[in-house]
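Novice: sequence-free structure coming up:
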Ligand SMILES: [Zn+2]
């Protein structure tokens with residue numbers, strides 16, 4: 001995690017948090033006001049999918065779609081730490097979410113849009129049936145309405161507990177993007193946030209008409225150690241960061257969270273010619 005909750009004894013629990021980057025203790029309310037960023041150094045802290053919708057959509061305009069879509073343990077999967085079915089129950093209870101994605105129709109600076117956001121708190125934002133289905137539903141809803149679609153990614157990749165079903169979400173979401181792009185002139189904007197990796201990077205997250213990234217996000221497919229061992233070469237400094245991928249042309253623009261709504265609004269106006 002990009003930050004930790006190291007509390008001093010005299011500080012009331014939950015009100016102060018320490019920034020992992022600048023090490024300052026900061027009032028929790030200041031962090032909230034700064035859209036879950038450090039008000040001192042600008043570090044972008046993890047943000048849940050519901051909060052993401054709240055800070056992105058115009059107030060009171062968000063209408064959730066696919067709220068009842070949830071993954072199931074079709075394989076009866078067990079790893080060393082227990083069953084997938086129990087993990088799903090625990091994740092639902094601890095996050096209050098049905099699965100690792102929230103999607104819905106909304107307005108952004110007055111313009112109708114469809115938004116979706118993955119949620120790293122729910123099993124590492126991993127993509128199983130439900131996440132793939134919700135991303136596809138968001139794209140289909142945007143296509144039918146002829147409005148822009150924005151998907152915020154934060155994911156460890158495909159959800160291995162669902163085996164091949166999780167991998168199929170890569171082709172399903174990619175096919176939805178192809179249908180979207182071939183039938184509407186509205187843009188699909190992919191926003192990469194910390195971290196975006198694995199099968200999510202390798203499918204819809206990389207297929208935006210425009211690809212934005214939050215500052216200093218980890219973005220990649222396999223981890224650096226695996227790549228280093230495979231190609232037997234040292235990796236360049238800053239490899240797999242937003243800034244590196246911007247320099248290489250994979251990311252179009254790095255946008256701070258506080259500027260995201262404005263930037264999206266400008267992109268929509270520019271690409272839709274209004
Ligand atoms: Zn800081």
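Specialist: That came through, no problem. Computed from a predicted structure; not experimentally measured. Residues are numbered from 1 along each chain as shown.
Novice: list the buried ones in stretch 232-246?
Specialist: Judged by neighbour count (16 or more other CB atoms under 10 Å), stretch 232-246 contains these buried residues: 240, 241, 242, 244, 245, 246. All C-beta atoms are positioned from the backbone trio N, CA, C, and that covers glycine.
Novice: which other residues reach it?
Specialist: 192, 213-220, 224, 227-228, 251-254 (CB atoms under 8 Å, 6 or more residues apart in numbering).
Novice: let's see 10 Å
Specialist: 44, 192-197, 201, 211-225, 227-228, 247-248, 250-255 (CB atoms under 10 Å, 6 or more residues apart in numbering).
Novice: PyMOL command for the buried members of those?
Specialist: Buried residues within the contacts of stretch 232-246, by 16+ other CB under 10 Å, are selected in PyMOL with:
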select buried, resi 44+192+193+194+195+196+197+201+211+212+213+214+215+216+217+218+219+220+221+222+251+252+254+255
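Novice: dump the residue contacts of residue 180.
Specialist: 114, 136, 138-144, 148-149, 186-188, 207, 209 are the contacts of residue 180 under CB under 10 Å, 6+ apart.
Novice: Give me the buried entries from these.
Specialist: Buried among the contacts of residue 180 (16+ other CB under 10 Å): 114, 136, 138-143, 148-149, 186-188, 207, 209.
Novice: how about the residues of this structure near the ion?
Specialist: Residues of the chain found near the ion (CB under 5 Å from the ion) are 19, 21, 22, 38, 40, 41, 43.
Novice: Including secondary structure and pLDDT, could these go into a markdown table?
Specialist: Written out in a markdown table, the entries for these read as follows (DSSP: H, G, I helix; E, B strand; the rest coil; pLDDT from 0 to 100):
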| residue | secondary structure | pLDDT |
| --- | --- | --- |
| 19 | coil | 96 |
| 21 | coil | 96 |
| 22 | coil | 97 |
| 38 | coil | 98 |
| 40 | coil | 97 |
| 41 | coil | 97 |
| 43 | coil | 98 |
